[in-house]
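Asker: Dropping a prediction and its sequence here:
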Amino acid sequence: MFVVDTNVLVYAANDDSQQNRRARLVLNEWRTGQEPWFATWSIIYEFLRVSTHRAVFARPLSFREAWGFVESLRAAPSFDLLVETERHADAVRQLASEYRGLSGNRMHDLHIAAVMREHGIAEIRTTDSDFHQFKFLRAVDPLTAT
């Protein structure tokens, strides 16, 4: 059981990415596999923001293309979206006290970490080293893992 981070989804959706081929392979393995895997709505919105952004890509996806990619994820039987529980505020408060100094762009990571803690999920598959700051998470780079 794991959460997939935005960057892996962006690499899989962006044909111009150097990591595209590997990201598509791992995503297809997950889609057809039995192991449960997840994203949060904040990950989905970040994917939509980045993949459609003209300043990020020479050929960004249209909203329709990006949403179609999201729908293809949601169609996988082993995939689901995690949402905040009634314990969310407590999870955020606890993480903020454990990891002092979180600010700026790290708020997005804090949200993902809090939702993962709420659901008892300890692994995030990401190429982002920022998740190593959360000692209760196991950050695995699926594009280099064997």
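Answerer: Received the coordinates, thanks. The shown structure was predicted, so the numbers you read here are calculated from the model rather than taken from an experiment. Numbering: from 1, shown residues only.
Asker: show me where pLDDT drops low in this protein?
Answerer: Along the chain, segments meeting pLDDT under 70 span 145-146.
Asker: ok, now which residue in it is the farthest from the centroid?
Answerer: The outermost residue of the chain relative to its centre, with distances by CA atoms, centre = their mean, is Ser97 at 23.5 Å.
Asker: can you tell me the helix or strand for that one?
Answerer: Using DSSP states H and E, Ser97 maps to helix 88-98.
Asker: which residues are contacting that helix?
Answerer: Applying CB atoms under 8 Å, 6 or more residues apart in numbering, the contact partners of helix 88-98 are 102, 110-111, 113-115, 117-118, 134. For glycine as for every other residue, the C-beta is placed from the backbone atoms N, C-alpha and C.
Asker: and the gap between Val8 and Ala76?
Answerer: 14 Å (CB to CB, to the nearest Å).
Asker: What of Ala91?
Answerer: Distance of Ala91 to Ala76, given as CB to CB: 26 Å.
Asker: Between these two, which is the more surrounded one?
Answerer: Ala91 (20 against 15; other CB atoms under 10 Å).
Asker: Leaving out chain neighbours, which residue sits closest to that one?
Answerer: Excluding the flanking residues, the one nearest Ala91 by CB to CB, 6 or more residues apart in numbering is Ala114, at 4.1 Å.
Asker: Same check on Ala66?
Answerer: Take Ala66 and drop its neighbours on the chain: the residue closest to it by CB to CB, 6+ apart is Ser51, 4.7 Å away.
Asker: Count the residues that sit near the one you found.
Answerer: Neighbour count for Ser51, taken as other CB under 10 Å: 24.
Asker: Let me see the ranges of the strands in the chain.
Answerer: With strands called from DSSP state E, the chain shows them at 2-4, 37-40, 79-82, 123-125, 138-140.
Asker: Mind putting those into a markdown table with mean neighbour count?
Answerer: A markdown table is the format used below for the strands of the chain (neighbours: other CB atoms under 10 Å):
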| stretch | mean neighbour count |
| --- | --- |
| strand 2-4 | 22 |
| strand 37-40 | 22 |
| strand 79-82 | 16 |
| strand 123-125 | 20 |
| strand 138-140 | 15 |
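Asker: Let's have the ones you listed in a markdown table, adding distance to Phe47.
Answerer: Shown next, in a markdown table, are the strands of the chain (distance: least, CB to CB, whole Å):
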| stretch | distance to Phe47 |
| --- | --- |
| strand 2-4 | 10 |
| strand 37-40 | 8 |
| strand 79-82 | 12 |
| strand 123-125 | 14 |
| strand 138-140 | 18 |
